[in-house]
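*Asks:* sequence first, predicted coordinates after that:
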Amino acid sequence: MFEWLFKYTRAEFARGEIMLAADWPWWLLAAAFAVGALLLAALAWHRGRQLGWPRLLVLCALQWAMLAVALLLLWRPSLLLKTLRPGENAVAILLDVSASMATVDPDLARSAQAQQVLDSAPLRQLTREYKPRRYQFDRDARPVESFEAAAPTGSSTAVGGSVLQLLRGLQSTPLGAVVLISDGADSAGALDAEQLAAIAGFGVPVHVVGIGRETMPEDLELQDVLLPGKTLPGTSLSARVTVRHDGAGTARIKAYDGQRFLASTDLTLPADAAITSGFIGFELGDSGYRNLRFTIDPRQGERELGNNSRTRVVQVAPRRASVLYVEGEPRWELKFMRRALDKDRGVRLVSLLRTSPNGYYRQGVDQPDELKTGFPLDRPTLFRYDAIVIGSMPAAWFKPAQLRLLREFVSDRGGSLLMLAGPNGLGGGGWGNTEVGRLLPAQLSDDANSFVRQQAQVELTPRGRREAMLKLAEDGVANDQAWASLPKIADYQSLGALRPAAVSLLNLRVGERVQPLLVTQPYGRGHASILATGGTWRWQMLLPLADQRHEQFWRQLLRGLVAEVPEPFELQARSQGDRLVVRAELRDESWVPVRDATLSVSASSGGESLQLPMQPVAGQPGSHVGEVAVARSGAWFVDATARRGGKAVASARTVVQHDQGGAEAFSLRQNRALLEQLARATGGQYWQTGNLAGLPDAVRASAAGVTRQELRPLWDAPAFFLLLLLLKATEWLLRRRWSVV
């Protein structure tokens, strides 16, 4: 309708400039209107003085509007457009030939759909009017003579990188536009803001033709699996699985250690969501690398099963983590905590119990001089521990430097801090106004009576149900029952408002009131938590001797505190497309980033070994990144050695599972959001395969390349004549109504 009224499209008006083509001056137009308006006003006054001022002004306004439109048409309104010169510009056609384009969707392969686009009349018109530059791409863009032999075999896709590579290669060519034909699957790394800005900087519009369906009701995709890369022997893990789906249903998730079945769970998929997440818990045994496989049972009629499985490698570390427990008075909690961890091969509990103003009772120390002078006063000594637990101990017992060390232990070291309730703990111990109080997940009450020796029932929160460290039974219903049947705790401490990033894993029911009991939040590189009771010992005292739920609780809680605490030399690797990407962070014994180290990193698999060139990360001292292309699927072991002054000072190893080309089986749905973002940022448009008729006009209107100016007349647009007719008809109807015709 718009184009019929005004002769041209909205896009042409948006890109063009409206002007008057007549050579007559503006002042003559204004003078003609003023004279005409006076004559019309005089005539209206002469013929309709009996109407009164309001009606007379309405008639004058209609006549003045007609006069203005008529005079405007005499001055020949026109649309000035810049258009590409035919034959003098190139148009690049970029075809996606990655493996995802082989998807049959629904009855025709996407590569065949792309060929239909290439053979369509609009694309043939472009190749006639402009010099075609044909490219195909997967991870890289490559020029080709024709698309006849194009086969969707690429093992990865880099949409943004390929467009940028094409534009850089054609900088010396008068390029009018790029036509990208793709499903938007970007398995080699998502289009980021920096890349998008670089593409837009060339000033060449990218017109995108989207291939493939945006929804696939028959398909389930295991989009991601998140779990720690390292754990301790015997630790219960909880993997967060994310499923992409179109439509309601149930997904059965299974976990395997190699061929050994670990666990399964059912995930409910709501109809009003496209992505649903859930958790699956399991336990790993002795130390070593575990090749974990997660699968979804396929839906009926599902054809693409390559995206129903994910593999993750977890290292069950042989090291023994260390937890320092500082307590101000003998309490049952400490006794039973030590009993729970006495035979634990993964966690060492070192306790420092104050027995007098300057006396301490040490347990669990490895060396005779460990903690001999009390709580550490320097970073290297304190940072040897992975987690710190502070019980009923007033903040005034610590020196200001020690309080600062506690904050740095969490923020810089990446350690875990757990504060327990007690008569001299938390708010009652004056912790609220210290450096440590500001990193805790809840504000602390300074009320001396905030610690109450009153029994209360513990409740598992919905968020706590997801945590492996709070599982007392494998089955979800059985776990809820196990928590509900625990005896009441002996005491609790009231907390203030939770911090924005805090989550409550356990709650406490006191009569009709519910308050947080176990609260945690990230802080810097580590985590800070509060357990607002010192009375879980009642579970041990009142449960049967064979019931180990209290010991299980403390063993799993402390293991959860140390599970993801970083080491001085951290090595992380991930598979991205057909490459391995490695990140290394090196710190000294004080956890200060090491700036002058050189890193030697290699990746090996099946007898093949590759060196990774590592580069420092700008603005992140001690951090290095590197990547290398690999062609072999399977487990790749990454080994790193750090040297200072030619001497090896640290080494680390990790392992990553690489599935060559496997990423192309994921993200099968057309990524329209990415394609539209690319088109919008460059001044291009997104097109559907069945609606390409306007593509040649859109390309022709590009301001890139060699352009010419076109002055298109607007005076004969139907909208102007319809407006004149409407104004005259309105005046006539009013005159009839007021009897002044």
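*Replies:* Cool, got the structure.
*Asks:* so what's the residue nearest to the spatial centre of the chain closest to, chain neighbours aside?
*Replies:* Nearest to the mean C-alpha position of the chain, by Cα atoms, centre = their mean, lies Ala190 at 10.5 Å. Distances taken as Cβ to Cβ, 6 or more residues apart in numbering place Leu674 nearest to Ala190, at 7.4 Å, with adjacent residues excluded. Glycine gets a C-beta too; all of them are placed from N, C-alpha and C.
*Asks:* do Gln300 as well
*Replies:* Glu218 (7.9 Å).
*Asks:* same question for Asp596.
*Replies:* Arg644 (6.1 Å).
*Asks:* just give me the neighbour total for Lys471.
*Replies:* Neighbours of Lys471 under the rule other Cβ atoms under 10 Å: 25.
*Asks:* now do Ala387
*Replies:* With other Cβ under 10 Å as criterion, Ala387 counts 28.
*Asks:* name whatever forms a beta bridge with it.
*Replies:* Val323, Ser416 (DSSP bridges).
*Asks:* my guess is it contacts Tyr325, does it?
*Replies:* No. If you go by Cβ atoms under 8 Å, Ala387 and Tyr325 don't touch, sitting 9.1 Å apart.
*Asks:* give me phi/psi at Glu129?
*Replies:* phi -80, psi -30 (degrees, to the nearest 10).
*Asks:* that one: what's it in contact with?
*Replies:* Pro86, Gly87, Pro696, Arg700 (Cβ atoms under 8 Å, 6 or more residues apart in numbering).
*Asks:* now the two most distant members of these.
*Replies:* Greatest spatial distance among the contacts of Glu129 (Cβ to Cβ): Gly87 and Pro696, at 14.3 Å.
*Asks:* circling back: surely the residue nearest to Asp596 touches Arg595?
*Replies:* No. The pair Arg644 / Arg595 is not scored as a contact, 10.0 Å apart, by Cβ under 8 Å.
*Asks:* more neighbours, those two?
*Replies:* Arg644 (15 against 10).
*Asks:* in the sheet, which residues pair with the more buried one? Tell me.
*Replies:* As assigned using DSSP bridges, the partners bridged with Arg644 are Lys647.
*Asks:* over to Arg244?
*Replies:* The partner residues for Arg244, given DSSP bridges, come to Glu221, Ile275.
*Asks:* one more: Ile489?
*Replies:* Ala456.
*Asks:* does it touch Gln455 like I think?
*Replies:* Yes. Ile489 lies in contact with Gln455 (Cβ under 8 Å); the separation is 6.7 Å.
*Asks:* pick out whichever of those two has more residues nearby.
*Replies:* Ile489 (22 against 14).
*Asks:* report the contact partners of the more buried one.
*Replies:* Gln455, Ala456, Gln457, Val458, Leu508, Thr533, Gly535, Thr536, Arg538, Trp539.
*Asks:* distance to Ser356 and pLDDT for the residues you listed - can I get that in CSV?
*Replies:* Listed next are those as CSV, based on distance: Cβ to Cβ, whole Å; pLDDT from 0 to 100:
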residue, distance to Ser356, pLDDT
Gln455, 32, 92
Ala456, 33, 91
Gln457, 37, 93
Val458, 34, 94
Leu508, 33, 93
Thr533, 26, 93
Gly535, 25, 92
Thr536, 27, 92
Arg538, 29, 92
Trp539, 31, 92
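*Asks:* please narrow those residues to those residing in strands.
*Replies:* Gln457, Val458, Leu508 (DSSP state E).
*Asks:* Val241: how many residues sit nearby?
*Replies:* Around Val241 there are 23 residues (other Cβ under 10 Å).
*Asks:* and it, helix, strand or coil?
*Replies:* At Val241 the chain is in strand, as set by DSSP: H, G, I helix; E, B strand; the rest coil.
*Asks:* thinking again about what came up before, top of the contacts of Glu129 by neighbour count?
*Replies:* Arg700 (23 neighbours).
*Asks:* quick one: that one and Thr83 touch, right?
*Replies:* Yes. Assessed by Cβ under 8 Å, Arg700 is found in contact with Thr83 at 5.1 Å.
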